[in-house]
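# pasting the sequence and the predicted model now:
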Amino acid sequence: MNRRTLLQTLSVGAFAAVASTSPALFAQAKGKSKIHQSASLWCYGNTMKKKNMSLEDFIVAAKEIGLEGLDLMGPDTFELMAKHGMVCTMTNSTGIPDGFNTVANHENMIKVLTERIDANAKFGFPNVITFSGNCRGMSREEGLKNCVEGLKKIVGYAEQKKVTICMEYLNSKGHKDYMCDNTQWAVELVKQVGSERFKILYDIFHADMMEEDVVGDIEKYYECFGHYHTGGYPGRNEIDSRQKRDYRALMEVIYKTGYTGYVAHEFVPRDEDGLKSLKAAYDICNIG
């Protein structure tokens, strides 16, 4: 089960009876760890299936591990998240291939982002994801210009609502032809949009795939990064000793930049018990 499939199959109706909770009770809830951790739900579709877990079961299990929220959830899950004092740390929006680099997409993207920003503001949730889109023969210079133009139409509203729009950095080897696939382009986009409410979702696995200087770029450009994703390289599996990056050391680097946002685990467990893998990742990144 991949990211797109799982997010499309989550049931809305199953949680319709959950009572509303005041945003003040859980907005930006912080635990004891120096690094505030969450996880991308889509990675655990197989885990949930094996264990016969509902979404609510998984939310409870994630909270017991020590996570403060979940990534890439939709507004239909917000009341359930609130019920358990959990944060949607990155709200989903439109798809990956058709992004802000194409002017024809702007109207629909702005409509969807406006809806997501409103939902986030109601519950006190911090971030909404967006994408550059694929190149499709377009130069990165033109794509940058178009992204700036489109984002400037919505970022003022995000400022008013105190919600941050984050464009995800993805590798263009797996996500073939994706435009926002290098740090320099992403950083330039943030600079040209020029708002504290527009940042980059810096995915460490994808940056490793593109052979970037992850530590150096975080130390240099941390002010442009509003959210982080983890994932073991190669393979996008557990972030333990079976892969190349020292995630504990990297969390120290991120913490020293003054970062107070969320680090979301977005690896697909290869071990039999995905919850144990998630707990192990939490322990690796818990530098408190």
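Cool, the structure landed.

# center of the protein, which residue is that?
Closest to where the C-alpha atoms of the chain average out (CA atoms, centre = their mean) is residue 90, at 4.7 Å.

# so the closest residue to that one other than its chain neighbours is in which element?
Leaving aside its sequence neighbours, residue 90 sits nearest to residue 71 (CB to CB, 6 or more residues apart in numbering; 4.3 Å). To be clear about C-beta, it is placed using only N, CA and C from the backbone, and glycine gets the same treatment. Assessed by DSSP states H and E, residue 71 sits inside strand 69-73.

# pLDDT weak spots in the chain?
The model of the chain has pLDDT under 70 over residues 1-32.

# can you give me the strands in it?
For the chain, the strands defined by DSSP state E cover 36-40, 69-73, 87-91, 127-130, 164-168, 198-203, 225-230, 262-265.

# can you tell me what sits against the fourth one?
Counting by CB atoms under 8 Å, 6 or more residues apart in numbering, strand 127-130 makes contact with 72, 89-94, 99-100, 109, 113, 116-117, 120, 151, 158, 163-168, 201, 226-227, 261-262, all of which sit outside it.

# tally of neighbours for residue 287?
13 (other CB atoms under 10 Å).

# mind listing what it touches?
33-35, 248, 251-252, 255.

# may I see those residues arranged in JSON lines, with neighbour count and distance to residue 188 as well?
Shown next, in JSON lines, are the contacts of residue 287 (neighbours: other CB atoms under 10 Å; distance: CB to CB, whole Å):
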{"residue": "33", "neighbour count": "18", "distance to residue 188": "33"}
{"residue": "34", "neighbour count": "16", "distance to residue 188": "30"}
{"residue": "35", "neighbour count": "22", "distance to residue 188": "28"}
{"residue": "248", "neighbour count": "14", "distance to residue 188": "31"}
{"residue": "251", "neighbour count": "22", "distance to residue 188": "27"}
{"residue": "252", "neighbour count": "13", "distance to residue 188": "28"}
{"residue": "255", "neighbour count": "17", "distance to residue 188": "26"}
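
# now render those as TSV, adding distance to residue 140.
Shown next, in TSV, are the contacts of residue 287 (distance: CB to CB, whole Å):
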residue	distance to residue 140
33	37
34	36
35	32
248	34
251	31
252	33
255	32
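
# list the helices and strands the longest helix along the chain packs on?
Ordering each helix of the chain by length in residues (DSSP state H) puts helix 106-123 first. Counting contacts by 3 or more CB pairs under 8 Å, 6 or more residues apart in numbering; DSSP states H and E, helix 106-123 packs against helix 78-83, strand 87-91, strand 127-130, helix 140-152, helix 155-161.

# can you do 6 Å?
Here helix 106-123 touches helix 155-161, going by 3 or more CB pairs under 6 Å, 6 or more residues apart in numbering; DSSP states H and E.

# mind listing what's buried along the helix it packs on?
Within helix 155-161, the residues scored as buried using 16 or more other CB atoms under 10 Å are 155, 157-158, 161.

# which residues does residue 97 contact?
residue 134 (CB atoms under 6 Å, 6 or more residues apart in numbering).

# re the thing from before, of the strands of the chain, which approaches residue 105 most closely?
Smallest distance to residue 105 across the strands of the chain (CB to CB): 10.4 Å, for strand 127-130.

# which residue ranges form the helices in the stretch 151-288 of the chain?
155-161, 183-193, 204-209, 214-221, 247-256, 274-285 (DSSP state H, counting those that start in this stretch).
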